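Asker: what shape does this take:
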Amino acid sequence: MKLSTQGQHAIMAMLALAIHEDEGALRLGDLAEKQGISLSYLEQIFARLRNHGLVEGIRGPGGGYRLTRHIEDINLAEIVEAAEDDSETVKRLPKRSADQRQRLVQQMWASLSNRIYDFLEGMTLATMLEGQQLPRKSYHMGETASLIARMFPARHFPAPELGHQAAM
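Answerer: Below is the predicted model:
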(Lines give C-alpha, C1' and ligand atoms only; values in the text may rest on other atoms or scores of the structure.)
Protein backbone atom coordinates (compact mmCIF):
# COMPACT_ATOMS: atom_id res chain seq x y z
CA MET A 1 0.00 0.00 0.00
CA LYS A 2 1.25 3.43 -0.89
CA LEU A 3 0.43 6.24 1.52
CA SER A 4 1.14 9.45 -0.34
CA THR A 5 0.44 13.01 0.72
CA GLN A 6 -2.92 12.70 -1.06
CA GLY A 7 -3.83 9.81 1.22
CA GLN A 8 -2.62 11.71 4.27
CA HIS A 9 -4.63 14.82 3.35
CA ALA A 10 -7.69 12.65 2.63
CA ILE A 11 -7.47 11.04 6.07
CA MET A 12 -7.03 14.43 7.76
CA ALA A 13 -9.98 15.88 5.82
CA MET A 14 -12.19 12.91 6.70
CA LEU A 15 -11.20 13.29 10.36
CA ALA A 16 -12.17 16.96 10.18
CA LEU A 17 -15.57 15.97 8.74
CA ALA A 18 -15.97 13.40 11.52
CA ILE A 19 -15.16 15.98 14.19
CA HIS A 20 -17.67 18.46 12.71
CA GLU A 21 -20.24 15.76 11.92
CA ASP A 22 -22.93 17.17 14.23
CA GLU A 23 -22.50 20.69 12.84
CA GLY A 24 -23.57 19.86 9.29
CA ALA A 25 -21.61 20.25 6.08
CA LEU A 26 -18.06 21.59 6.04
CA ARG A 27 -16.94 23.99 3.33
CA LEU A 28 -13.85 22.96 1.38
CA GLY A 29 -12.50 26.51 1.40
CA ASP A 30 -12.46 26.53 5.20
CA LEU A 31 -10.91 23.06 5.31
CA ALA A 32 -8.21 23.94 2.77
CA GLU A 33 -7.30 27.03 4.78
CA LYS A 34 -7.11 25.09 8.06
CA GLN A 35 -4.97 22.33 6.49
CA GLY A 36 -2.75 24.80 4.66
CA ILE A 37 -3.29 23.27 1.21
CA SER A 38 -4.73 24.66 -2.00
CA LEU A 39 -8.45 24.51 -2.59
CA SER A 40 -8.03 22.97 -6.06
CA TYR A 41 -5.88 20.16 -4.60
CA LEU A 42 -8.49 19.45 -1.93
CA GLU A 43 -11.27 19.54 -4.55
CA GLN A 44 -9.44 16.79 -6.50
CA ILE A 45 -9.22 14.64 -3.37
CA PHE A 46 -12.89 15.21 -2.54
CA ALA A 47 -13.95 14.34 -6.07
CA ARG A 48 -12.33 10.92 -5.55
CA LEU A 49 -13.84 10.54 -2.08
CA ARG A 50 -17.26 11.42 -3.52
CA ASN A 51 -16.84 8.94 -6.40
CA HIS A 52 -16.12 6.21 -3.84
CA GLY A 53 -19.24 7.11 -1.85
CA LEU A 54 -17.43 8.33 1.27
CA VAL A 55 -18.65 11.94 1.18
CA GLU A 56 -21.51 13.86 -0.35
CA GLY A 57 -21.71 17.46 -1.44
CA ILE A 58 -24.49 19.71 -0.19
CA ARG A 59 -25.38 22.70 -2.35
CA GLY A 60 -26.66 26.09 -1.33
CA PRO A 61 -26.30 28.20 1.81
CA GLY A 62 -24.77 26.15 4.58
CA GLY A 63 -23.50 23.72 1.97
CA GLY A 64 -20.24 21.87 1.81
CA TYR A 65 -19.32 18.23 2.32
CA ARG A 66 -20.35 15.66 4.89
CA LEU A 67 -19.77 11.97 5.49
CA THR A 68 -22.15 9.52 3.84
CA ARG A 69 -21.79 6.86 6.54
CA HIS A 70 -21.24 6.69 10.28
CA ILE A 71 -17.68 7.14 11.48
CA GLU A 72 -17.67 3.53 12.74
CA ASP A 73 -18.25 2.32 9.18
CA ILE A 74 -15.42 4.16 7.38
CA ASN A 75 -11.94 2.67 7.65
CA LEU A 76 -8.69 4.42 6.80
CA ALA A 77 -7.71 1.93 4.09
CA GLU A 78 -10.76 2.77 1.99
CA ILE A 79 -10.03 6.48 2.39
CA VAL A 80 -6.48 5.97 1.10
CA GLU A 81 -7.73 3.74 -1.73
CA ALA A 82 -10.17 6.43 -2.80
CA ALA A 83 -7.68 9.29 -2.58
CA GLU A 84 -4.76 7.73 -4.44
CA ASP A 85 -4.34 8.42 -8.14
CA ASP A 86 -4.01 4.90 -9.46
CA SER A 87 -5.89 1.76 -8.57
CA GLU A 88 -2.70 -0.28 -8.24
CA THR A 89 -1.58 1.38 -5.01
CA VAL A 90 -3.33 -1.12 -2.78
CA LYS A 91 -1.81 -4.58 -2.30
CA ARG A 92 0.64 -4.08 -5.13
CA LEU A 93 2.31 -7.33 -6.17
CA PRO A 94 6.04 -7.44 -6.81
CA LYS A 95 7.23 -7.43 -10.41
CA ARG A 96 9.20 -10.41 -11.64
CA SER A 97 12.92 -9.91 -11.48
CA ALA A 98 15.78 -12.06 -12.71
CA ASP A 99 17.76 -11.23 -9.57
CA GLN A 100 16.69 -13.50 -6.72
CA ARG A 101 17.74 -10.92 -4.10
CA GLN A 102 15.70 -8.21 -5.75
CA ARG A 103 12.68 -10.55 -5.86
CA LEU A 104 13.13 -11.18 -2.14
CA VAL A 105 13.19 -7.42 -1.43
CA GLN A 106 10.05 -6.96 -3.53
CA GLN A 107 8.30 -9.80 -1.70
CA MET A 108 9.22 -8.28 1.67
CA TRP A 109 7.91 -4.90 0.47
CA ALA A 110 4.67 -6.53 -0.67
CA SER A 111 4.35 -8.20 2.73
CA LEU A 112 4.90 -4.89 4.51
CA SER A 113 2.39 -3.18 2.21
CA ASN A 114 -0.19 -5.85 3.05
CA ARG A 115 0.41 -5.36 6.78
CA ILE A 116 0.01 -1.59 6.43
CA TYR A 117 -3.21 -2.14 4.49
CA ASP A 118 -4.52 -4.57 7.14
CA PHE A 119 -3.66 -2.09 9.90
CA LEU A 120 -5.41 0.80 8.14
CA GLU A 121 -8.37 -1.44 7.33
CA GLY A 122 -8.78 -2.12 11.06
CA MET A 123 -8.75 1.59 11.94
CA THR A 124 -11.97 3.54 11.51
CA LEU A 125 -12.62 7.23 11.89
CA ALA A 126 -14.31 6.35 15.18
CA THR A 127 -11.22 4.56 16.52
CA MET A 128 -9.09 7.55 15.58
CA LEU A 129 -11.37 9.85 17.59
CA GLU A 130 -11.54 7.56 20.64
CA GLY A 131 -10.19 9.24 23.73
CA GLN A 132 -9.80 12.60 22.00
CA GLN A 133 -11.24 15.68 23.64
CA LEU A 134 -13.33 17.13 20.84
CA PRO A 135 -14.01 20.86 20.80
CA ARG A 136 -17.52 21.76 21.77
CA LYS A 137 -19.56 23.91 19.46
CA SER A 138 -19.92 27.40 20.79
CA TYR A 139 -23.09 29.26 20.08
CA HIS A 140 -22.95 32.96 19.38
CA MET A 141 -26.05 35.06 19.49
CA GLY A 142 -26.82 36.12 15.95
CA GLU A 143 -27.90 39.60 14.94
CA THR A 144 -31.60 38.67 14.85
CA ALA A 145 -31.50 36.89 18.20
CA SER A 146 -29.66 39.84 19.72
CA LEU A 147 -32.32 42.26 18.42
CA ILE A 148 -35.13 40.11 19.83
CA ALA A 149 -33.35 39.87 23.20
CA ARG A 150 -33.10 43.67 23.37
CA MET A 151 -36.78 44.04 22.42
CA PHE A 152 -37.92 41.62 25.11
CA PRO A 153 -35.51 41.84 28.03
CA ALA A 154 -35.65 39.17 30.68
CA ARG A 155 -37.83 40.11 33.63
CA HIS A 156 -37.10 39.16 37.17
CA PHE A 157 -40.12 38.29 39.28
CA PRO A 158 -39.96 38.01 43.05
CA ALA A 159 -39.92 34.46 44.33
CA PRO A 160 -43.25 33.34 45.84
CA GLU A 161 -43.40 33.09 49.59
CA LEU A 162 -43.37 29.47 50.67
CA GLY A 163 -44.09 30.04 54.34
CA HIS A 164 -47.89 30.18 53.90
CA GLN A 165 -48.11 27.01 51.78
CA ALA A 166 -45.69 25.08 53.99
CA ALA A 167 -48.05 25.40 56.99
CA MET A 168 -50.82 23.55 55.14
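Asker: tell me where this structure has strands.
Answerer: With DSSP state E as the definition, the chain shows strands at residue ranges 55-58, 64-67.
Asker: could I get the ones you listed as a markdown table with distance to Gly7 and mean neighbour count?
Answerer: (C-beta placed from N, C-alpha, C; glycine too.) Rendered in a markdown table, the data for these read as follows (distance: least, Cβ to Cβ, whole Å; neighbours: other Cβ atoms under 10 Å):
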| stretch | distance to Gly7 | mean neighbour count |
| --- | --- | --- |
| strand 55-58 | 15 | 17 |
| strand 64-67 | 17 | 20 |
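Asker: relative to Glu121, which of those strands is closest?
Answerer: Ranking the strands of the chain by distance to Glu121, with Cβ to Cβ as the measure, places strand 64-67 first at 17.9 Å.
Asker: what packs against that closest one?
Answerer: Under the contact criterion of 3 or more Cβ pairs under 8 Å, 6 or more residues apart in numbering; DSSP states H and E, the helices and strands touching strand 64-67 comprise helix 5-19, helix 28-35, strand 55-58.
Asker: nearest to Leu104, out of those?
Answerer: Comparing those by Cβ to Cβ, helix 5-19 comes nearest, at 26.9 Å.
Asker: thank you kindly, that will do.
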